[in-house]
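> Next comes the sequence, and after it the predicted model I'd like to discuss.
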Amino acid sequence: MHFQGLNANIMSLGGIAIAVGAMVDAAIVMIEMRTNGLRSGIISIRVSRLTTPPAGR
């Protein structure tokens, strides 16, 4: 890392940024799946039960 001019702080911040991006992406996918389920006429609680496990994989 020294030869590339990067220190551990920059590497850590990069890892945190990637992790936050992955969490936001998963949240967007879950919201999309829930919205599609609600539009198809499924009851709200049932939509949550059906859409949460696939999005968490």
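Nice, I can see it.
> low-scoring pLDDT stretches of the chain, where are they?
1-3, 55-57 (pLDDT under 70).
> right, and the helix or strand after the longest helix seen in it?
Counting by DSSP state H, the longest helix found in the chain is helix 8-39. Counting by DSSP states H and E, the next helix or strand C-terminal to helix 8-39 is helix 44-55.
> picking that back up, figure out how far the longest helix of the chain is from the centre of its chain.
Centroid separation for helix 8-39 versus its chain: 3 Å, with C-alpha atoms, centre = their mean, to the nearest Å.
> elements contacting that helix?
Applying 3 or more C-beta pairs under 8 Å, 6 or more residues apart in numbering; DSSP states H and E, we find helix 8-39 packed against helix 44-55. C-beta here means a position set from N, CA and C on the backbone, and glycine is covered the same way.
> For the longest helix of the chain, buried residues please.
Applying a neighbour-count criterion of 16 or more other C-beta atoms under 10 Å, one finds 30, 33, 34, 37 buried in helix 8-39.
> Can you give me the buried ones in stretch 42-57?
Buried residues in stretch 42-57 (16+ other C-beta under 10 Å): 42, 47, 51.
> What is the nearest of those residues to residue 14?
Of all the buried residues of stretch 42-57, residue 14 sits closest to residue 51, with 31.1 Å by C-beta to C-beta.
> Could you verify my assumption that that closest one touches residue 31?
No - using C-beta atoms under 8 Å, residue 51 makes no contact with residue 31, being 9.4 Å away.
> Residue 31 and residue 13, how far apart?
Distance, residue 31 to residue 13, using C-beta to C-beta, to the nearest Å: 27 Å.
> Residue 52: what's its closest spatial neighbour, skipping adjacent residues?
Spatial nearest neighbour of residue 52, chain neighbours left out: residue 30 (6.7 Å); criterion: C-beta to C-beta, 6 or more residues apart in numbering.
> same question, residue 44
residue 38 (6.7 Å).
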